[in-house]
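Student: Provide a 3D model corresponding to the input given below.
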Amino acid sequence: MAPMRSHSIVCALLFALLTAVPSQGGQMQINPGEMPMMLPPGRKAKTGTGRLAGRIVAGDTGKIIRRAQVRISSPDIGSKTSFTDAQGRYEFRELPPGRFTLSVSKSGFVTMQYGQNRPFEQGRPIELADAQVMEKADVALPRGSAVSGHVLDEFGEPVADASVSAMRREYASGKRRLVQSGRTSSTNDLGQFRLFGLPPGEYYISVTMRSFDTMIMDMMGGMNAGGPTGSNNNSGYAATYYPGTPNPAEAQRLSLTVGQEAGSIDIQLQPVRLARITGNAVSSDGKPMGAGIVMLLPSMRDAVQFMPGGTSQTDKDGNFTLSGVAPGEYTVQVQSLAAIMSQATQAMALMGGGEPGKEPAAAPTMEREFAMANVTVAGEDIAGLTITGARGAKARGRVVFEGGTKPESLASVRLMAAPTDPDNMAAAMSSFGMAAVKETGAFEIDGLAGGRIFRFMEPPQGWTIKRITHESDDVTDTGFDFKPGDDVDGFEIVLTTKTQTVSGTVTNDKGEPVKEYTVAVFPEDPEKWTAAAERWRAVSRPDQQGQFKIVSLPPGGYFAIAVEYVPQGEWTDPEWLARMKGKATRFTLDEGATKRLDLKLAGS
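Tutor: From the prediction side, this is the model:
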């Protein structure tokens, strides 16, 4: 494989890694139970003498489902998988005591969690004591819905290799936006696509012509900008929504019932005038940023988009050309190829971990400069764009431990500086922001720009964040605004073993206990209802005994409400919280307290 092509692939993988990080509210998931839980580097899975078994059946017929994939997850074991046998049965052995989630998937059916009764609802946890055996953790899978049709160009001819996605309008990361749901599909040579395994619900179908292959080819082509040009280079297609509009607000909604086959969903791509962006990137010392990777990163204001709107490379003089740019709002970002390769190496080292108790081998350090500029493309070419690079800010500080002995193997702890602007998540995340914590508790994160909020990928077991300060200012939930080139010392992250727990039961209006509900807990202070303050909000589903449990909320005043059903993301919407406030139970959670709540089921 040619060196430059391998570099491009690494860049593509790095972009996927960085832009796939969940937003502050954790709302960019695809379907419940699809993403496996990974143990932090260096942490071994616990074992025990517990056992969990059950049977998987079809929800409509009750017939057994063979070779269904069953996944069990918890912070103590990560994720483990099993497959059902000829009788539709599965089993997990040697489980430690703890709280587990269980999800099941099978082609043609909707992926479901144990105890999940509705689409886009959390499943119910399974609480196992030491040596406990649970033999009837059964799950019934509903038939998946499907959407099929054709993608056609403006002449009515089929379009091959178009990427088709089903999207749902959810409250995600501080506002309602379109979020991808389920798998994507590529059109064949006849322009046909089929999206399957969809839960019942309302969807918007999106088509785009960009892919990772396109991204790599753009990067390769950027090395040879200039020279002869072909015809119709200024005409192409933007992301198109069914039945044929580039505007998400004008998209037609599809309502799917259980197992419904929605056919003849034909989408005609609407041609748009494509623009060319030419410019020059210079470093902070005025030198050309040669051999740089150029990415055109879309805004996520209306819809979550993980694929860049264009990619290229700078020449030795820092000149670059981005061709075929569809109308939209973007951030143009330039980073040196060498810096990105260093960044990828560091990311792989941090994600891979190492032996417990040992810090990962230090990757070669390199001063990373990046240049960014916001642009709005409306079909006209943009020429003479000059972007000046800047070194990302460095954040230095320490992690301190309150209320217990410092945990061992701190080198396996990964600290992230996640962006606070969800509308510009892709641009912010492609600037690095992750580091290992040293055994002394010290940390240093570089390559930062804009608002960042510190969070752990997985805190040391038994510990939770109490507060984060910078020179006595509390930045736990607000984050810190980093200016390019700054070296900011004095961050202190206080972890504590004192955790707050809320648990209880729910009864109906007759005083009878119920086992099918969702409890939402949210802060009394409406200013904490925003996306960046996610640690103040939580939902819980009951375990097999009908008990709910929420751990590690910060001390303070809260409301709690039990409802029959709340879909994914809805419980983070301030409008929903305002409606629920009048029906909710107010309570105070003191530091280190265990609060018992007996709630009445309320209407949603």
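
Student: thought residue 177 was touching residue 299?
Tutor: No. Using C-beta atoms under 8 Å, residue 177 makes no contact with residue 299, being 10.4 Å away. Backbone N, C-alpha and C define where each C-beta goes, glycine included.

Student: more crowded one of those two?
Tutor: When neighbours are counted by other C-beta atoms under 10 Å, residue 177 and residue 299 differ, and residue 177 comes out ahead with 22 against 19.

Student: next secondary structure after the helix or strand hosting the more buried one?
Tutor: In the assignment (DSSP states H and E), residue 177 maps to strand 175-186. As assigned by DSSP H and E, the chain's next helix or strand after strand 175-186 is strand 192-198.

Student: after that next one comes which helix or strand?
Tutor: strand 201-208.

Student: break this structure into its domains for me.
Tutor: Domains of the chain are assigned by automatic domain parsing as 50-141, 145-225+236-336, 392-497, 501-602.

Student: what mean pLDDT would you report for the third one?
Tutor: Computed over domain 392-497, the mean pLDDT rounds to 86.

Student: and the end-to-end length of it?
Tutor: 34 Å (C-alpha to C-alpha, to the nearest Å).

Student: next: the longest one.
Tutor: Distance between the two ends of domain 145-225+236-336: 45 Å, counting by C-alpha to C-alpha.

Student: any idea how far it is from the middle of the chain?
Tutor: 18 Å (C-alpha atoms, centre = their mean, to the nearest Å).

Student: show me the contacts for residue 517.
Tutor: 506, 541-542, 548, 562-564, 601 (C-beta atoms under 8 Å, 6 or more residues apart in numbering).

Student: just the closest of the residues you listed to residue 576, please.
Tutor: residue 563 (9.9 Å; C-beta to C-beta).

Student: so where do the helices sit in the stretch 301-450 of the chain?
Tutor: Using DSSP state H, counting those that start in this stretch, the helices of the stretch 301-450 of the chain run over residues 337-352, 425-429.

Student: hey, least reliable of those helices by pLDDT?
Tutor: Lowest mean pLDDT within the helices of the stretch 301-450 of the chain: helix 425-429, at a mean of 52.

Student: so what pairs up with residue 176 in the strands?
Tutor: Beta-bridge partners recorded for residue 176 (DSSP bridges): residue 171.

Student: so what's it up against?
Tutor: 169-170, 573 are the contacts of residue 176 under C-beta under 8 Å, 6+ apart.

Student: if I look at residue 152, how far off is residue 262?
Tutor: 17 Å (C-beta to C-beta, to the nearest Å).

Student: contacts for stretch 379-388, please.
Tutor: Counting by C-beta under 8 Å, 6+ apart, 272-284, 327, 332, 334, 371-373, 375 sit against stretch 379-388.

Student: can we see that at 10 Å?
Tutor: 234, 272-284, 286, 289, 292, 294, 314, 318, 320-323, 325-327, 332-334, 369-373, 375-376, 484 (C-beta atoms under 10 Å, 6 or more residues apart in numbering).

Student: selecting buried members of these in ChimeraX, what would you type?
Tutor: Only the buried members of those enter the following ChimeraX selection, criterion being 16 or more other C-beta atoms under 10 Å:
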select :272,273,274,275,276,277,278,279,280,281,282,283,289,292,294,314,318,320,321,322,323,325,326,327,332,333,334,369,370,371,372,373,375,484
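
Student: find the nearest non-adjacent residue to residue 332, please.
Tutor: Excluding the flanking residues, the one nearest residue 332 by C-beta to C-beta, 6 or more residues apart in numbering is residue 373, at 5.0 Å.

Student: does that neighbour touch residue 334 like I think?
Tutor: Yes. Counting by C-beta atoms under 10 Å, residue 334 is a contact partner of residue 373 at 9.0 Å.

Student: and for the two, which residues touch both?
Tutor: Shared contacts of residue 373 and residue 334 (C-beta under 10 Å, 6+ apart): 279, 281, 387-388.

Student: go through the residues you listed and flag which are in strands.
Tutor: Those of those mapping onto strands are 279, 281, 387-388, per DSSP state E.

Student: any idea which of these is closest to residue 441?
Tutor: Nearest to residue 441 among these, with distances taken as C-beta to C-beta, is residue 388, at 36.3 Å.

Student: how much space between that closest one and residue 526?
Tutor: 40 Å.

Student: what's the answer for residue 452, then?
Tutor: 24 Å.

Student: the two: which has the busier surroundings?
Tutor: residue 452 (24 against 12).

Student: what ranges in this protein fall below the confidence cut-off?
Tutor: Within the chain, the ranges that satisfy pLDDT under 70 run 1-35, 40-42, 210-234, 306-308, 337-368, 423-432, 603-604.

Student: packing partners for the helix or strand hosting residue 148?
Tutor: Per DSSP H and E: residue 148 is located in strand 145-152. Using 3 or more C-beta pairs under 10 Å, 6 or more residues apart in numbering; DSSP states H and E, the elements in contact with strand 145-152 are strand 163-172, strand 175-186, strand 192-198, strand 201-208, strand 254-256, strand 261-262, strand 267-268.

Student: what packs against the helix or strand just after the last one?
Tutor: Downstream of strand 267-268, the first helix or strand assigned by DSSP H and E is strand 271-273. For strand 271-273, the packing partners by 3+ C-beta pairs under 10 Å, 6+ apart come out as strand 235-237.

Student: what strands line up against the strand it packs on, and which way round?
Tutor: strand 271-273 (antiparallel).

Student: so what touches the partner strand?
Tutor: Around strand 271-273, the neighbours that count as contacts under C-beta under 10 Å, 6+ apart are 153-155, 232, 234-238, 240, 246, 325-328, 377-381.

Student: was I right about residue 336 contacting residue 287?
Tutor: No. In this structure residue 336 lies outside contact range of residue 287 using C-beta under 10 Å: 11.0 Å.

Student: which neighbours do these two share?
Tutor: residue 389.

Student: who's more crowded, those two?
Tutor: Per other C-beta under 10 Å, whichever of residue 336 and residue 287 has more neighbours is residue 336, with 24 against 10.

Student: gap between the closest residue to residue 326 other than its chain neighbours and residue 273?
Tutor: Sequence neighbours aside, residue 238 is the residue nearest to residue 326 in space, at 3.7 Å (criterion: C-beta to C-beta, 6+ apart). As judged by C-beta to C-beta, residue 238 and residue 273 stand 10 Å apart.

Student: tell me which residues in stretch 63-76 are buried?
Tutor: 64-65, 68-74, 76.

Student: nope, stretch 176-185 is what I meant
Tutor: So, applying 16+ other C-beta under 10 Å, buried residues of stretch 176-185: 177-182, 185.
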